[in-house]
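# Have a look at this fold, sequence not included:
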């Protein structure tokens, strides 16, 4: 029976791309949370970017396929919703790749009142010209985890990866 360590598993699973944003791996996105063994079963733990994310079944299948391809025989993929995924789990590489592809990366949340989180998405920086002279045109963009914005400087529409 083939066994691999956590570091090797993460390295192998770098090949699994987010189906909705294929330039990013599930490692870059912070979706892959853990890898361990339980009674000779390889367990990969993934967390959805938001509840009901339609890509999770496909991601789970791709994780299992990659691990089996690496020689593991008994693999299970567990979807864990607590703690909830946050954009803070995204790597800097992920944020940089988003911007390079024309998607504004998430910006940090600001606290306006105790326990009241306001998402600072009024003036998102344009990924094309870096202007803050932008406006949100739709709460939802190409996927539910993005909103659609417009740059008043370069006249480009763009998605913003919402903070969660």
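Arrived safely. Keep in mind it's a predicted model, so treat the numbers as computed, not measured.

# what's the residue closest to the geometric middle of this protein?
Per C-alpha atoms, centre = their mean, the C-alpha nearest to the average position across the chain is that of residue 29, at 3.3 Å.

# didn't that one look like it was pressed against residue 88?
No. Judged on C-beta atoms under 8 Å, residue 29 makes no contact with residue 88 at a distance of 11.7 Å. From N, CA and C alone the C-beta is placed, and that goes for glycine too.

# Buried residues in the lengthiest helix in the chain, which are they?
Assignment by DSSP state H gives helix 56-69 as the longest helix of the chain. Going by neighbour count (16 or more other C-beta atoms under 10 Å), the buried part of helix 56-69 is 56, 59-60, 62-64, 66-67.

# Can you pull out the low-pLDDT segments for this protein?
109-122 (pLDDT under 70).

# Go again with 50.
Applying pLDDT under 50 to the chain flags the ranges 111-118.

# helices or strands up against the longest helix of the chain?
On a contact count with 3 or more C-beta pairs under 8 Å, 6 or more residues apart in numbering; DSSP states H and E, helix 56-69 meets helix 6-13, strand 41-46, strand 75-79.

# again, 6 Å this time
strand 75-79 (3 or more C-beta pairs under 6 Å, 6 or more residues apart in numbering; DSSP states H and E).

# from the middle of its chain, how far away would the strand it packs on be?
Chain-centre distance of strand 75-79: 18 Å, with C-alpha atoms, centre = their mean, to the nearest Å.

# Stretch 53-73 too?
For stretch 53-73, the distance to the chain centre is 16 Å (C-alpha atoms, centre = their mean).

# same thing with stretch 96-112?
Its chain's average C-alpha position is 12 Å from that of stretch 96-112, according to C-alpha atoms, centre = their mean.

# And that stretch, what's buried?
Residues of stretch 96-112 classed as buried by neighbour count (16+ other C-beta under 10 Å): 97-99, 103-107, 109.

# What about these, which are in strands?
Residues from the buried residues of stretch 96-112 lying in strands, with DSSP state E as the criterion: 103-104.
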